[in-house]
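# Fold the following, please.
(one chain, ligands or ions: 1)
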Amino acid sequence: MSEGKLIDEFYSLVQVDDQNGNYALDIKDGSYFGMPLKSIVDAEKRLRSNVQHGIAYFSMEYGLATSCYNKLSSQLALNPKNKLPENAVFSNYRVADYFFALHQDNIIDLPIYSGGLGILAGDTVKTMADYKLPAVGIGILWNSGYFRQKFWFKYGQAPEKMRWDPHTYPGLVPLKNRIKISLKSEDVHIRLWKYYVYSHKHDAVVPLVLLDSNIEPNSQRAKDLTDQLYRSDNVFLKLLQRVMLGFGGVSALSELGYNIDIHHLNEGHAVFAFVAKARGLSQDELEKLKRKFVYTCHTPVEAGHDRFSFDDLNKVLKKEDTDIIEKFGKERSGLANLTLLSMNVSSAINAVSHNHQKVMHIQFPKYKEQIQYVTNGVHPYTWVSKAFSELFEEFPGTFPDFKNNPMILSRASELNGNSDFRAKVWQAHQANKEEFCKLLEKWSLDKNLFTICWARRIAAYKRPSLILHDINRLVSIAERIGPLQIILAGKAHPNDNLGFTYVNEMLDKVDKLAEDYNKLKIIVLENYDISLGRLLTSSVDVWLNNPLPPFEASGTSGMKAILNGVLQMSTVDGWVAEATDKKLGAFFGYKNSEGSVGNENDLHMNDDAEELYHVLESLAGLYYKTNPAGKVKTSSEWIDMMIECICTSARFNTYRMLDQYKKNIWNIG
Ligand SMILES: *Cc1c(COP(=O)(O)O)cnc(C)c1O
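Coordinates of the predicted model:
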């Protein structure tokens, strides 16, 4: 087929709205922003054919790591609005001021995610592309992203609106297609956008369809629905963001002519998709429709289960829609519960780790038979650092095909006795750590000092300040064992007042430590996002994970860390509970009793801080025995554990995860 034909075919399938011709510069000659156009044409044709098992994946958020993985490129200069902002660094190291800015000269990641749920969605669609599945992702174009975190000393976190420009984001294109959703008293008009998620080999794509209400002739209220992700300060905004995803997603699929058998609800946020498809159906037809829906639940935490009053629902939705919600999603309290609704309308339900399944069985005993589990994973090619990817390729005898088969990493243990490999594992890690220290040069971080990181969403059950619980204890460990470098980062949801106090507490405690900088360096990084997540999970020596069991459904940042040989210091919760037979570092802390969920407000801070300091002391001790004065002893048990981490990463990736979704949830082999 000639190139001319291909581009004509592309434009007949994809109605790009290119008013000033900018996109034509980047969509040409068989190339889509530097990637093969053919992969898109193939996928678009396939989704419109009578393909079997077309999958629509619905998610409020997608974290695609577009700035570092399968980066699409544009002829146009990078719009400064789409550049990573300078982020403040808060530390007990004071040169001139409390703050210095961390400068990373790169494009922002597509800002349509907030955290783990979105990153899982992104890693899932990337793996669907790698598997060449006929799939489409449905999401929302968040015109102001999630939010940008600013630190204000003596105050804490100040959330700001994030500014970016979707029209100049490479690979993201608006379509001429318009749809609308009908609410009780207004129609909301929606413009569709597309982004293409390429496979690792660039030979396949999963289109991501993004809904955008920021257009005429919508009211300002309707325009604001796709402004910021997870607005919860107003119940109607919160509700209608979910309605937008479900109703809008279903209309978008039909507008684009996609043939879908499986609707995957990534969280209950998406369940209005069922409501949209259920209108006017008979009981028999409803039963048939349920077979086309599956649901993944991502949290046991109370706040994660959306509830709305029927009073509120009736104010904005039509009666035929609230009737369906009432039929399938009304709980005993009289409220509409989106988790219940999702479970009642899906043919398969899954938790995201074995532990989480046990918790769901306690929380929802009526659904015990139906609730399976598929432990989360991470997309290996997104999260493996360059140094480690090159290391694996240096040992083709053991890892003959890492580029196509990440499961091959389970063989890492075969190289445990190979001193060359052991030395190179350490070197690769040091190379990553050196790069990180260089970025934070002004704070004089040292690649030969023990470095531990806690970075994640700030939520009470994750216990952000556990490591700072007893500062004197930290100073004493540093004096006896050796200097400690502690890196902290995380965003609290703007309406989470408790989360907000944690950021404040962190900054306050760090501030009081100015004198101790030569033994204890603490760095708090502003605006935790994918670029920082990727950097941190591959650069520090130990990844700290201390949620209160059993409230971490899975967690994924530790999986990114083990892929890069970074040791774990973790409570036994989420995915970690499935790896306690492995020597990945140190496990510690409170364990909830089997058969009970416990109390998410009883944080066990004193006992668990005590245990944390105990294992910190032993890991730091082992570190300084392994790496005394920068001269590594490669026979050390530390390197055994790094290798065991790499080996274990084969199980906690999205390839294993997708195999299980295919077999157990989607029933497609
Ligand atoms: C991986 C990642 C997460 C999720 O990690 P958890 O272990 O679930 O906290 C959240 N935010 C960012 C930026 C990440 O990279």
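# Contacts for stretch 630-648, please.
Residues from elsewhere that reach stretch 630-648 (Cβ atoms under 8 Å, 6 or more residues apart in numbering): 388, 409-413, 415-416, 419, 421-423, 425-426, 429, 448, 561-563, 565-568, 579, 582-585, 622-623, 625-627. Bear in mind the C-beta positions are built from the backbone N, C-alpha and C, glycine included.
# Quick one: residues contacting the closest residue to the ligand within the stretch 551-669 of the chain.
Nearest to the ligand in the stretch 551-669 of the chain, going by Cβ to the nearest ligand atom, is residue 557, at a distance of 3.2 Å. Contacts for residue 557 (Cβ under 8 Å, 6+ apart) come out as 116, 455, 456, 533, 537, 543, 545.
# got the phi/psi numbers for it?
Backbone torsions of residue 557, given as degrees, to the nearest 10, read phi -60, psi -40.
# ok, residue 558 touching residue 575?
Yes: contact criterion Cβ atoms under 8 Å: residue 558 and residue 575 qualify, at 7.0 Å.
# Show me just the buried residues among the contacts of stretch 630-648.
388, 409, 411-412, 415, 421-422, 425-426, 429, 448, 561-563, 565-568, 579, 582-585, 622-623, 626-627 (16 or more other Cβ atoms under 10 Å).
# Need phi/psi at the residue of the stretch 201-350 of the chain found nearest the ligand.
Minimum separation of the stretch 201-350 of the chain from the ligand (Cβ to the nearest ligand atom) falls at residue 298, amounting to 9.7 Å. When quoted as degrees, to the nearest 10, the phi and psi of residue 298 stand at phi -110, psi 0.
# same check, this time on residue 544
Dihedral angles (degrees, to the nearest 10) for residue 544: phi -100, psi 130.
# In helices only, show me the buried ones among the contacts of stretch 630-648.
Counting by DSSP state H, the buried ones among the contacts of stretch 630-648 place 388, 421, 422, 425, 426, 429, 561, 562, 563, 622, 623, 626 in helices.
# Now do the contacts for the first one.
Remark: with contacts taken as Cβ under 8 Å, 6+ apart, residue 388 is in contact with 428, 432, 538, 563, 564, 565, 646.
# pLDDT and distance to residue 596 for the residues you listed - can I get that in TSV?
As requested, those are exported to TSV (pLDDT from 0 to 100; distance: Cβ to Cβ, whole Å):
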residue	pLDDT	distance to residue 596
428	98	43
432	98	41
538	98	37
563	98	33
564	98	36
565	98	36
646	98	35
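# Dump these into CSV; add distance to the ligand as well.
Converted to CSV, those look like this (distance: Cβ to the nearest ligand atom, whole Å):
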residue, distance to the ligand
428, 20
432, 16
538, 11
563, 11
564, 13
565, 17
646, 18
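# which among those end up buried?
Of those, these count as buried by 16+ other Cβ under 10 Å: 428, 432, 538, 563, 564, 565, 646.
# Who are the contact partners of the nearest residue to residue 335 once chain neighbours are set aside?
Nearest residue to residue 335, sequence neighbours excluded (Cβ to Cβ, 6 or more residues apart in numbering): residue 307, at 4.5 Å. The contact partners of residue 307, taken as Cβ under 8 Å, 6+ apart, are 331, 333, 335, 336, 337, 338.
# Likewise for residue 624?
450, 481, 482.
# can you check residue 181 too?
Taking Cβ under 8 Å, 6+ apart, one finds 187, 188, 190, 243, 244, 247, 248, 251 in contact with residue 181.
# Surely the fourth one touches residue 271?
Pointing back at residue 243 there. No: Residue 243 lies out of contact with residue 271 (Cβ under 8 Å); the separation is 10.1 Å.
# So between the two, which is more surrounded?
The neighbour comparison of residue 243 against residue 271 (other Cβ atoms under 10 Å) goes to residue 271, with 29 against 23.
# quick one: contacts for the more buried one?
Per Cβ under 8 Å, 6+ apart, neighbours of residue 271: 242, 246, 265, 295, 329, 338, 341, 342, 345.
# And it, how close does it get to residue 247?
Distance of residue 271 to residue 247, computed by Cβ to Cβ, to the nearest Å: 11 Å.
# Which positions in the host helix or strand of residue 644 come out as buried?
Using DSSP states H and E, residue 644 maps to helix 637-649. For helix 637-649, a neighbour-count test (16+ other Cβ under 10 Å) marks 638, 639, 641, 642, 643, 644, 645, 646, 647, 648, 649 as buried.
# Show the secondary-structure elements that the following helix or strand past that helix is packed against.
For helix 637-649, the following helix or strand on the C-terminal side (DSSP H and E) is helix 654-660. Applying 3 or more Cβ pairs under 8 Å, 6 or more residues apart in numbering; DSSP states H and E, one finds that helix 654-660 contacts helix 116-130.
# any idea how far the helix or strand that comes right after the helix it packs on is from the chain center?
Under the assignment DSSP H and E, the closest C-terminal helix or strand after helix 116-130 is strand 135-140. From the chain centre to the centre of strand 135-140 is a distance of 15 Å (Cα atoms, centre = their mean, to the nearest Å).
# Give me the buried positions along strand 135-140.
135, 136, 137, 138, 139, 140.
# need these in a markdown table with distance to residue 320 and pLDDT, can you?
Formatted as a markdown table, the buried residues of strand 135-140 follow (distance: Cβ to Cβ, whole Å; pLDDT from 0 to 100):
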| residue | distance to residue 320 | pLDDT |
| --- | --- | --- |
| 135 | 30 | 98 |
| 136 | 26 | 98 |
| 137 | 28 | 98 |
| 138 | 22 | 98 |
| 139 | 26 | 98 |
| 140 | 24 | 98 |
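# Tell me the strands beside the helix or strand of the chain with the lowest mean pLDDT, with direction?
For the chain, using mean pLDDT, DSSP states H and E, the weakest element among its helices and strands is strand 99-102, scoring a mean of 71. With DSSP bridges as the test, strand 99-102 is paired with strand 87-91 (antiparallel).
# Can I get the partner strand in CSV? Just the C-alpha atoms.
Output in CSV follows, covering the C-alpha atoms of strand 87-91 (Å, rounded to 0.1, in the frame of the first residue of the first chain):
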residue,chain,number,x,y,z
ASN,A,87,9.4,22.4,41.7
ALA,A,88,10.5,23.6,45.1
VAL,A,89,12.6,21.3,47.3
PHE,A,90,12.3,21.7,51.0
SER,A,91,15.1,20.4,53.1
